[in-house]
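Asker: Mind looking at a prediction? Sequence and model below.
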Amino acid sequence: MIMNTNSLDGAALRLSATLLLVGQILYVMVTLLHTGGEANNHAAIFAAYAGSGVWTAVHVAQFVCMTTMLGGLLALFSVLDVQSGTGRLVARLGAASTTATLALYGVVLAVDGVGLKQAVNAWANAPEAEKAARFASAETMRWLEWGTRSYENFTLGLAVLLAAAVVGRALVLRPIAYLMGLAALTYLVQGWLAGVEGFSPTHTVAIVAAEVLNAVWMTWLLVVAWRMPNSESASPRR
C-alpha cells in the first residue's frame, strides 16, 4: 500500500532528518580525530593507541554522535507511523533493531574505548618478561571488538533496510529509500568483513561507502522534509 504523503508531518520529518544528518556529519568529524594506522597490524597500532591522549574523549563523542543519528532513525519510524498490516510490523521491527544497535554500539565502545585502551596501556608499560602475555590480552580485546562491531553493523544494516522499506511506501520518498537500501547493504558487508578479517582495507572501503550514501540520502530527506507542510497547516480548517 502506498503511503499518503499528506499525512506526514513536515516538522517531525525535518527533526528526524536533521538528527540523522547532524549525527552522521559529526560522527565523521569526530572519527577523524581517532588515532589512525594499519588497524590489523596489532603491534604498530597498539603502540599508537597507547600513546593517544584523546582516546577516551573521542569514543565518548562517537557515542553521542551515534546516539543522535540513531535517535533520528528511531524518530523516522515514528514520523511514518504505519498503522496497519505488514508495514506496521516492519516499522516495529525497525525500531527494535535501531534500539538494539544503540545497545550494541555501547558495548563496542566499552570494549574499544575502555577495555582495549587499558589493555594496550598495560602492554606498553609492562616489563619485557610480561610483554607477550599483555600483548595476547590486548589482542583478545581486539578480537572481542571485532565480534561486537560485526553484530552492531548487522543490526544497523537491518534497521536501515527496514526503514527503507517503510520510507519507500511514500512515492515522493521512494528514490531516497533505494539509497537507504544501498547504505544498509554496506553495513551488512561491514558486519561480515569485521567478523572474518577485522578492520581490513576492504572494511574501510565499506565504511566510506556507507558514510557517502548516508550523507546523500539524509541530505535529500532533509530537503524533501523542508518542502512538506506541518501537520497543522496541512489539515483544513473547520
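Answerer: Everything's here; your move.
Asker: show me where pLDDT drops low in the protein?
Answerer: 1-8, 81-84, 231-238 (pLDDT under 70).
Asker: show me where it has helices.
Answerer: With DSSP state H applied, the chain shows helices at 10-31, 42-50, 55-80, 85-109, 117-125, 131-167, 174-197, 201-226, 231-234, listed in chain order.
Asker: how many other residues sit next to residue 172?
Answerer: When neighbours are counted by other Cβ atoms under 10 Å, residue 172 registers 13. Placement of C-beta: from N, CA and C, glycine included.
Asker: Residue 48 too?
Answerer: Counted with other Cβ under 10 Å, residue 48 comes out at 15.
Asker: surely it meets residue 37?
Answerer: Yes. The pair residue 48 and residue 37 passes the contact test of Cβ atoms under 8 Å, sitting 5.0 Å apart.
Asker: how close does residue 70 sit to residue 76?
Answerer: Separation of residue 70 from residue 76 (Cβ to Cβ, to the nearest Å): 10 Å.
Asker: Which one of the two is surrounded by more residues?
Answerer: residue 76 (25 against 20).
Asker: Nearest residue to the more buried one in space, please, no chain neighbours.
Answerer: Among residues not flanking residue 76 along the chain, residue 16 sits closest, at 4.5 Å (Cβ to Cβ, 6 or more residues apart in numbering).
Asker: now that neighbour: how far from residue 164?
Answerer: For residue 16 relative to residue 164 (Cβ to Cβ), the value is 14 Å.
Asker: ditto for residue 99
Answerer: Distance from residue 99 to residue 164, by Cβ to Cβ: 18 Å.
Asker: So for these two, which residue has more residues nearby?
Answerer: More crowded of residue 99 and residue 164, by other Cβ under 10 Å: residue 164, with 23 against 14.
Asker: residues in contact with that one?
Answerer: Counting by Cβ atoms under 8 Å, 6 or more residues apart in numbering, residue 164 touches 177-178, 180-181, 184.
Asker: if we go to 7 Å?
Answerer: Contacts for residue 164 (Cβ atoms under 7 Å, 6 or more residues apart in numbering) come out as 177, 180-181, 184.
Asker: ok, now which ones touch the residue nearest to residue 112 when sequence neighbours are not counted?
Answerer: Take residue 112 and drop its neighbours on the chain: the residue closest to it by Cβ to Cβ, 6+ apart is residue 145, 4.9 Å away. Contacts for residue 145 (Cβ under 7 Å, 6+ apart) come out as 108, 111-112, 116.
Asker: cool, and residue 204?
Answerer: By Cβ under 7 Å, 6+ apart, residue 204 has no neighbours at all.
Asker: All good on my end, thank you.
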